[in-house]
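>>> Sequence first, then the predicted structure, then my questions.
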Amino acid sequence: MKRKVSLLLIMILVLSTLTNVVAAEDTAQIGNVSAENKILELSMDEAVRIATENSREMWKIDDGIKQMRDARISGRSAKEQAEELMSMSLSEIAAIRSITGMDPLNNQVEALLAKNGYYIKFAETQITQLEKSREVLIKGIEIGTKSMYYNVLVAEKTIEINQAKLNKANEQLRVVNLKFNNGSSTKAEVLSAEMAIQQAKTDLDSAIDDLNIAKLNLLNMLELPFDTEFVLTDTELPYVPTNKINLDEKIEKAKQDRIEILTAENDLEIQKIETHAYTAYYTSNLRENKWAKEKLKDAELNLPQAYKDVELDVRKTYLNLIKAERSLANMDKTVELAKEAARINKLLYDNGMATSLEVLDADTKLAEVEIGRYQMLAAYNINKLMFDYSDIGTFK
């Protein structure tokens, strides 16, 4: 009997221990879930880092570089084989035919291309272009991420401005109602004040929707789940004036560094090798010979056109920057005037020299220009970034 009781106690202790372990695991899992549900604090630099690390295009480029490195090794092997083949005597070639049943000279154009290093050169040029594409992609991700980040900041500021406008409209309605009750205001003014409140509510609701959309776009850019909660830590839109720009230097640097120039130069070098092989094998009256010469001519024409396209893009990017900065300066002045107009109209209304409708209109215009100013500031920052990187690539 005592033994049965002892065994029963042991079983109870074991079950109790297992229960505690399971409970501990559940608690740990809950703790992990809580950690996962933590609100993400997102700086602009952190957002750019996440977007870069999660970019599928970046993965594709890295895979492409690995493939081209393998292709370069294969090209070297093909060159060695072609050189060995072309050094053989006719008797050696005949012996290969009789042993293998295959003609080693069956595709002499391919052999000529391999011997002249066409496949090696092709792989090397593709590697340099992919590496340059990677550099351009990194800058493009930075611009795209910062643009989405700015959109969230602008949406948040728009909510703040529209909330202030709604507060002003509510206060104005309170004052109008007081004046209406003592007979110094009309029913029409009360209705106008009520309509202003409804419009302010509509604008605020719309701004909230725009914020939600902007957040979704940013999460999509970062390749994060759409239900991720986050707050932006860089909450101010910076303004860095554009210093004196030497446009000619920028253009010359772009002509040296842009991927369009690199691609056109590489295409020309590759086409020279290909045309040499085709014209060496095919006589001038054959279609393949003429086709190869036409391709070389096109490649020669594409290079100066690439220089023109790059210069045009840099100049247009520069003009967009100048236009954005000028628009921002004009909007700053407009905000000052709108603030003064709102202040004067309020003062006139308090002294019976303006209507409540004039006060509401002035407040509405002030909110509109303040929102417009933040939108232009964000646009200026993006245009400045695009010009700063215009010697690397073009960004849309």
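On my side now, so go ahead.
>>> going forward, measure contacts between C-alpha atoms and count neighbours the same way
Will do.
>>> list the helices and strands the host helix or strand of residue 334 packs on?
Here residue 334, judged by DSSP states H and E, is contained in helix 287-350. Contact partners of helix 287-350 among helices and strands, from 3 or more CA pairs under 8 Å, 6 or more residues apart in numbering; DSSP states H and E: helix 247-257, helix 259-281, helix 356-388.
>>> as a whole number, average confidence for that helix?
The average pLDDT for helix 287-350 rounds to 95.
>>> and what of stretch 257-267?
Averaging pLDDT along stretch 257-267 yields 94.
>>> try stretch 75-92
Mean pLDDT, taken over the full extent of stretch 75-92, equals 74.
>>> Of all the helices and strands packed on helix 287-350, which one is nearest residue 329?
When the helices and strands packed on helix 287-350 are compared for distance to residue 329 using CA to CA, the nearest one is helix 356-388, at 9.2 Å.
>>> So for that closest one, mean pLDDT?
Mean predicted confidence for helix 356-388 is 93.
>>> and the angle for it with helix 247-257?
Here helix 356-388 runs at 50 degrees with respect to helix 247-257, directions being taken by axes from the mean of the first three to the mean of the last three CA atoms, to 10 degrees.
>>> My reading is that residue 231 is in a helix; is that accurate?
No. Following the definition DSSP: H, G, I helix; E, B strand; the rest coil, residue 231 is strand and is not counted among the residues of a helix.
>>> Would you confirm that it contacts residue 44?
No. Under the criterion of CA atoms under 8 Å, residue 231 makes no contact with residue 44, lying 11.0 Å away.
>>> okay, those two: which has more neighbours?
residue 44 (17 against 13; other CA atoms under 10 Å).
>>> Quickly find the element holding the spatially closest residue to residue 266 that is not a sequence neighbour.
The spatial neighbour of residue 266 that comes closest, neighbours along the chain excluded (CA to CA, 6 or more residues apart in numbering), is residue 125 at 6.0 Å. Secondary structure from DSSP H and E places residue 125 in helix 118-181.
>>> now residue 38
With DSSP H and E as criterion, residue 38 is part of no helix or strand.
>>> nearest spatial neighbour of the spatially most central residue of the chain, skipping sequence neighbours?
The centre of the chain sits closest to residue 144, judged by CA atoms, centre = their mean, with a distance of 2.2 Å. Setting aside the residues directly before and after it, residue 144 is nearest to residue 221 in space (CA to CA, 6+ apart), at 7.8 Å.
>>> If you count neighbours, what's buried in the helix or strand hosting that neighbour?
With elements delineated by DSSP H and E, residue 221 resides in helix 187-222, which encompasses its position. For helix 187-222, the buried set under the neighbour-count rule, 16 or more other CA atoms under 10 Å, comprises 189-190, 192-194, 196-197, 199-201, 203-204, 206-208, 210-211, 214-219, 221-222.
>>> Show me how far it is from its chain's centre.
Helix 187-222 sits 27 Å away from the centroid of its parent chain (CA atoms, centre = their mean, to the nearest Å).
>>> Same check on stretch 174-190?
Centroid displacement of stretch 174-190 relative to its chain, using CA atoms, centre = their mean, is 53 Å.
>>> distance between the ends of it?
With CA to CA, to the nearest Å as the measure, the ends of stretch 174-190 fall 9 Å from one another.
>>> all numbers from here: first residue = 17
With 17 as the first residue, the last one maps to stretch 190-206.
>>> Give me the contacts around that stretch.
The list of residues contacting stretch 190-206 from outside it, by CA atoms under 8 Å, 6 or more residues apart in numbering, reads 189, 209, 371, 372, 373.
>>> closest to residue 243 out of the helices and strands packed on helix 303-366?
helix 372-404 (25.6 Å).
>>> Which neighbouring elements make contact with the closest one?
Contacts defined by 3+ CA pairs under 8 Å, 6+ apart place helix 372-404 against helix 134-197, helix 203-238, helix 303-366.
>>> Please, which helix or strand holds residue 244?
Per DSSP H and E, residue 244 falls between elements, in no helix or strand.
>>> Got the phi and psi for it?
As for residue 244, its main-chain torsions (degrees, to the nearest 10) stand at phi -70, psi 130.
>>> about what we covered before: of the contacts of stretch 190-206, which is the nearest to residue 346?
Ranked by distance to residue 346 (CA to CA), these are led by residue 373 at 26.7 Å.
>>> Return the residues in contact with the closest one.
Contact partners of residue 373, counting by CA under 8 Å, 6+ apart, are 205, 208, 209.
>>> If we only consider the residues you listed, which is nearest to residue 166?
residue 209 (33.3 Å).
>>> Export the helices and strands packed on helix 372-404 as CSV, with columns for distance to residue 399.
Below are the helices and strands packed on helix 372-404 laid out as CSV (distance: least, CA to CA, whole Å):
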stretch, distance to residue 399
helix 134-197, 9
helix 203-238, 19
helix 303-366, 5
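>>> which of those helices sits most buried?
Ranked by average neighbour count under the criterion mean count of other CA atoms under 10 Å, these are headed by helix 134-197 at a mean of 20.
>>> what is the orientation angle of it with helix 303-366?
Between the axes of helix 134-197 and helix 303-366, defined by the same axes, to 10 degrees, the angle is 20 degrees.
>>> got the angle for helix 134-197 vs helix 275-297?
Here helix 134-197 runs at an angle of 150 degrees relative to helix 275-297 (the same axes, to 10 degrees).
>>> Between helix 203-238 and helix 134-197, find me the angle.
Put simply, helix 134-197 runs at 160 degrees to helix 203-238, going by the same axes, to 10 degrees.
>>> which other residues reach stretch 395-412?
When contacts are taken as CA under 8 Å, 6+ apart, the neighbours of stretch 395-412 outside the stretch itself are 151-152, 155-156, 159, 162-163, 254-255, 258, 266-267, 269-271, 273-275, 329-330, 333-334, 336-337, 340-341, 344.
>>> Okay, now the unreliable bits of the stretch 17-166 of the chain?
Applying pLDDT under 70 to the stretch 17-166 of the chain flags residues 17-53, 101-102, 104-123.
>>> switch to 80 and redo it
By pLDDT under 80, the weakly predicted segments of the stretch 17-166 of the chain are 17-53, 94, 97-128.
>>> How about residue 358, nearest residue that isn't a chain neighbour?
Nearest residue to residue 358 in three dimensions, chain neighbours excluded: residue 378, at 4.9 Å (CA to CA, 6+ apart).
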